[in-house]
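Undergrad: The following comprises the amino acid sequence and a computationally predicted model.
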Amino acid sequence: MPDQPGIDGYAVHLPAYALHDNRLDGSGPPRPGGPVRGVAAFDEDTVTMAVEAMRHLTADDPAGRQLLLATTSAPYEAKTSAGVVHAALGLDPAVGAVDLRGHRCGATALDLVACTGAAAVLADLRTTRPGAPDELAQGDGAAAFVGGGTSAATLLARAGHTTEILERWRLPGDRHDRVWDERFTADVLVTAGLAAARRAFTLAGLDAVDEVVVSSSNARAAAALRRTLGGSGADAKVERATGFTGAAHPGLLLAAALDEAQPGRTILLLSATEGADAFVWRVGDGVRAARGGASVRQQLAARQAVGYGRYLRWRGLLDVQGPARPASPAPASPPMFRRSGWKFRLEGSRCDACAKVTTPPAKVCASCGTAATGQTPATVPLRDKTARVVSVTRDHLTTMPEPEVAVVVADVDGGGRLSTYATDVAPGDVAVGMAMTPTFRRLWTTDSIPNYFWKLRPRKEATDGQ
Amino acid sequence: MASRRMAHDVAIVAMGCTPFRDHWHRSADDLLVDAVHECVGSLSGVTLDGIDAFWVGTQGSGMSGQTLARPLRLVGKPVTRVENYCATGSESLRNAAFAVASGAYDMVMATGVEKLKDSAYSGLAAVYPPADGTDVDWTAPAGFSLLAPAYQQAYGVGARDMRDALTRVATKNHANGALNERAQFRKAVSAETVENAPRIAGQLGVLDCSGVSDGAAAAILVRAEDAYRYTDKPVFLRGMGFVAGSGAGLATDGYDFTTFPEVVRAARQAYDQAGVTDPATQISLAEVHDCFTPTEVVLMEDLGFSERGKAWRDILDGRYDLGGALPVNTDGGLKSFGHPIGATGLRMMFECFTQLRGAAGARQVPDARLALAQNLGGQPGSCVAFVAVLGSQR
């Protein structure tokens, strides 16, 4: 248990794409000022977004010895998805990995971060039926937090209010949430939210806070709570650019507030979902240094627009004809296990004799042919290095939900070669010599096995935090 | 490294080759039977019973030696199945050659077969062992298309010049194939058709790629000293090199995608054994692995036919045309024959065999004495490569 409950570090991953318009016929310009949703690329899911958020934080030994993944859209049923995140982060095996599920679990994860010193990543991928009223109001993203200290914020008080209510739900196997009439559920959530907020204020010994941040699965409830509690609306502005990101949302909005907050200021974070959870924070002196990676504002500014048809293809909501090729092969469990250092952590082997790097790691150096002296060769992590494109091609027969993908061979600064896919970039824009950064993605899913590995995306100067 | 001529010289005394086609009405078994019967039938007094041992090359159309023994109903014969990616047919011949060279057998047969069209897939399909899922699932054209931009960059070749050279490879090989009744595509194609074809990978369009076809081929090998007992026109295996690459080109930095180091080494072995000191002038014709147009460009340099960085120019100058100084892929190559993996290496041998015997008709290279067959599999940076020199004289 930490001496004082709080957050020591935080980071956000917002996908590189945004959807502004969901009209199928596409006639005329999109509605100006309308909601925009963040869109995870076809090769992203809850796990990959969680890794991208979490890898910006130093989390190799969270004080709480737990890694929590909070989501409503885990890629697996039954299997623990946090285990994949744990593997990709290269955490110590003594650190536990657990999934938290349901719309309320993002708030629960924050609670556990602050109170137990755990590391948590809140990540979600939201889809609705095409054309649903709130299609542009849902979105994808991830926010990561590490407890055990108070550099980012101290938790002054917390209060929960449980209400069993059928608001947003989905049976196993269903693709989208069903939603009850939001006018009814808003009533219930506002009541729960105000009750939780008032108790938290009392426990904190405060009458008011400097900043109010409201996250709710019900937009009507969020608006009412912001109004009643005197929020500035900065949180609503972020939400209008990202959509409601499910279990990630309280974390995302808290992170956006911490990005801007001055040390010493107080923040009420109210999550009104299936009841309510209220947290009163005091912003820490180390808040600026506590952030890993780019700020929410920077990431929003760096996004590129995605068309509605492309979004539908990416989500499998539009069944289009692919090439006459067999599905990409499913990975097998034993080789994945044996080669987890390569597959999940992107480690090459470094030769004892010539110091050259071999990828994937191998007992015998690909450069000089010397066999490693030990049982396994020395490994070298490549995932945070820059790789430069040696040659590139555009595969027009890809089985991925895109007309073409760029395949690159790239040399890693300091040694090592990667043959992999480029992502978050138009294939024609990848050029020989381009500097790229590894990013954890899902290559494909065959035989119900999501196949995760590292791709390369163009390196962004300065905003990467790398 | 020892790579020397074999204890006995080896000769090919008969060959067979099916047309390479969409063989919708023939199985791999049928194709093997056809190729083998053509081969054996060309020698009077020889029957399958007289052949001591057999090799069959196939990547995915059968398992074990029974791939050949069953359709031919061979009784009591040793049959070995071999596989080495797209060099599988060559591997079949290489191992069969070793068997007679060693003295273990007097007469052996190398065969190769592939039935690709039954899968209904675009391009090649193969089954690989269970893996960790980290390999790029790239198509063959994607892998080989990495050659063109790298070559251009290394030698300062402009986009138009490179495109012209690639197009010339395609039009040349299709023109040659139009003269060959066994080729899959028997129509010459225009430069415009090549360049307007739908893109497949990088700057490669459909007509920069070899076709997908079904086929089989076979050869009978004996010790050279016995060859004239069977035919008055044997073809002699003068040199042979084979390299399975270490994969270093993709596993560590340094390789630049402008060459196939495995081909360079295999060629050196074959040339040394054959006494070839200047391949550019001594080789009469060459069958090379034109799986994709940039492959043929790079191979002209790896085989020592063109200076480094100059193959594109030699191609445009017509040096490798049927009437050029060194005709390449006189039978149409993979471009117009298609590429049934297990059969391709032997199909190349078939053309060399035919040319060296002066039996190539309209495609005949005058006074052909030394022919080269080069076959590779895998992809740039990680491939297997075979090179053989064949001669009309021992």
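TA: Great, that's in hand.

Undergrad: Give me the distance between the residue in the stretch 251-394 of chain B positioned nearest to chain A and A:Pro331.
TA: Per Cβ to the nearest Cβ, B:Ala251 is where the stretch 251-394 of chain B lies closest to chain A, at 3.7 Å. Quick note: C-beta positions are derived from backbone N, CA and C, even for glycine. Separation of B:Ala251 from A:Pro331 (Cβ to Cβ, to the nearest Å): 19 Å.

Undergrad: which residues does B:Arg81 contact?
TA: Contacts for B:Arg81 (Cβ atoms under 8 Å, 6 or more residues apart in numbering or on different chains) come out as B:55-58, B:62-65, B:67-68.

Undergrad: does A:Arg168 really touch A:Asp181, like I thought?
TA: No: with contact defined as Cβ atoms under 8 Å, A:Arg168 does not count as touching A:Asp181 (11.9 Å).

Undergrad: Pick out whichever of the two has more residues nearby.
TA: A:Arg168 (21 against 8; other Cβ atoms under 10 Å in any protein chain shown).

Undergrad: Please name the nearest non-neighbouring residue to that one.
TA: A:Asp177 (4.4 Å; Cβ to Cβ, 6 or more residues apart in numbering or on different chains).

Undergrad: got a list of what that neighbour touches?
TA: Per Cβ under 8 Å, 6+ apart, neighbours of A:Asp177: A:72, A:128, A:168-170.

Undergrad: try 10 Å
TA: Contacts for A:Asp177 (Cβ atoms under 10 Å, 6 or more residues apart in numbering or on different chains) come out as A:72-73, A:103, A:126-129, A:132, A:134, A:138, A:167-170, A:217, A:246.

Undergrad: before we move on, what about B:Lys77?
TA: Contacts of B:Lys77 by Cβ under 10 Å, 6+ apart are B:48-49, B:51-54, B:65, B:68-69, B:109.

Undergrad: same deal with A:Leu456?
TA: A:Leu456 sits in contact with A:386-389, A:406, A:408, A:410, A:412, A:418, A:420-425, A:430, A:434-439, A:441, where contact means Cβ under 10 Å, 6+ apart.

Undergrad: Kindly report the same for B:Val56.
TA: Taking Cβ under 10 Å, 6+ apart, one finds B:28, B:32, B:36, B:62, B:64-69, B:71-72, B:79-83, B:88-89, B:92, B:96, B:109-113, B:216, B:218, B:342 in contact with B:Val56.

Undergrad: which of the residues you listed count as buried?
TA: Taking 16 or more other Cβ atoms under 10 Å in any protein chain shown as the criterion, what is buried in these is B:28, B:32, B:36, B:62, B:65, B:67-69, B:71-72, B:79-83, B:88-89, B:92, B:96, B:109-113, B:216, B:218, B:342.

Undergrad: Touching, A:Gly316 and A:Asp45? I think so.
TA: No: with contacts counted by Cβ atoms under 10 Å, A:Gly316 stays clear of A:Asp45, the gap being 12.0 Å.

Undergrad: what touches both of these two?
TA: The contact lists of A:Gly316 and A:Asp45 share A:Thr445, where a contact means Cβ under 10 Å, 6+ apart.

Undergrad: Which of the two has more residues huddled nearby?
TA: Taking other Cβ under 10 Å, A:Gly316 and A:Asp45 do not tie; A:Asp45 has more neighbours (25 against 13).

Undergrad: Off-centre distance for the helix or strand harbouring A:Ala256?
TA: Assigned by DSSP states H and E, A:Ala256 belongs to helix A:249-260. A distance of 13 Å separates the centroid of the chain from that of helix A:249-260, by Cα atoms, centre = their mean, to the nearest Å.

Undergrad: Can you name the element that comes right after that helix?
TA: Next along the chain after helix A:249-260, with elements defined by DSSP H and E, is strand A:266-272.

Undergrad: got the angle for the very next helix or strand once past that following strand vs strand A:266-272?
TA: Using DSSP H and E, the helix or strand that follows strand A:266-272 in sequence is strand A:275-283. Interaxial angle, strand A:275-283 versus strand A:266-272 (axes from the mean of the first three to the mean of the last three Cα atoms, to 10 degrees): 160 degrees.
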